[in-house]
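# 3D model of this:
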Amino acid sequence: MRKSQTGRDGADAPRSSATGPKGTLRRTTDLEEIIERLAARIACDHVLVTMLFNARQVILAHVSAEALEEAALALPIDFSICRHTIERNGPLLISDTHVVPELAENGAVRDFGVRAYAGAPVIVGSEAGAAVCLLDKAPRDWRAADLADLEDTAREVAHHLRMDAALRPEREPTPARPAAPS
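Alright, predicted model coming up:
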């Protein structure tokens with residue numbers, strides 16, 4: 001049985017809302033549900049939605065046969081293979097991470113045993129800010145259908161994040177505190 005987790009530094013991933021009957025808001029598909037559909041189509045050890053934030057990789061959603069420890073939901077950037085996907089603003093397929101010199105010191109490869117990686121950028125606006133990725137602990141040849149499913153999922157995640165941002169209420173500015181009496 002696959003386990004799902006969402007998290008942004010330990011918190012639930014954002015949920016988008018849509019207009020329901022009579023203009024009321026209702027909850028719609030969240031990131032976890034989106035990647036669960038991908039996991040059902042492509043059997044692999046982990047499916048993640050990641051974002052780079054303050055020199056860390058933050059896992060927004062995770063579906064796996066094994067649970068991730070909460071500490072693994074935000075990792076140092078040197079554990080991120082997704083950063084290469086985000087930096088290139090395009091898909092990245094790696095059949096065997098052990099034959100890619102740039103990944104020799106990568107923490108995910110070294111400490112977690114990631115051997116195969118497939119990632120697609122989540123493009124919100126004109127650039128990638130996140131990625132959807134597939135990780136395996138054994139080398140594998142990715143199929144064209146895997147890449148197509150991965151890119152479709154990345155577009156769906158991007159739509160979800162845009163909707164979430166558009167429907168999030170604006171924060172009111174914090175009022176200035178009165179000066180302390182001297």
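
# helices along the chain, start to end?
For the chain, helices defined by DSSP state H occupy the ranges 31-41, 82-88, 107-112, 144-167.

# so for residue 50, which of those sits nearest?
Closest approach to residue 50 among the helices of the chain (C-beta to C-beta): helix 82-88, 4.5 Å. C-beta here means a position set from N, CA and C on the backbone, and glycine is covered the same way.

# contacting residues around that closest one?
48, 50, 52, 57, 77, 91-92, 102, 119-121, 128-131, 133 (C-beta atoms under 8 Å, 6 or more residues apart in numbering).

# just put the helices of the chain in JSON lines and tack on distance to residue 137.
Listed next are these as JSON lines, based on distance: least, C-beta to C-beta, whole Å:
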{"stretch": "helix 31-41", "distance to residue 137": "15"}
{"stretch": "helix 82-88", "distance to residue 137": "17"}
{"stretch": "helix 107-112", "distance to residue 137": "8"}
{"stretch": "helix 144-167", "distance to residue 137": "16"}
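
# dump those helices to a markdown table, plus mean neighbour count, distance to residue 96 and mean pLDDT.
Formatted as a markdown table, the helices of the chain follow (neighbours: other C-beta atoms under 10 Å; distance: least, C-beta to C-beta, whole Å; pLDDT from 0 to 100):
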| stretch | mean neighbour count | distance to residue 96 | mean pLDDT |
| --- | --- | --- | --- |
| helix 31-41 | 19 | 22 | 91 |
| helix 82-88 | 20 | 15 | 92 |
| helix 107-112 | 16 | 10 | 91 |
| helix 144-167 | 17 | 15 | 90 |
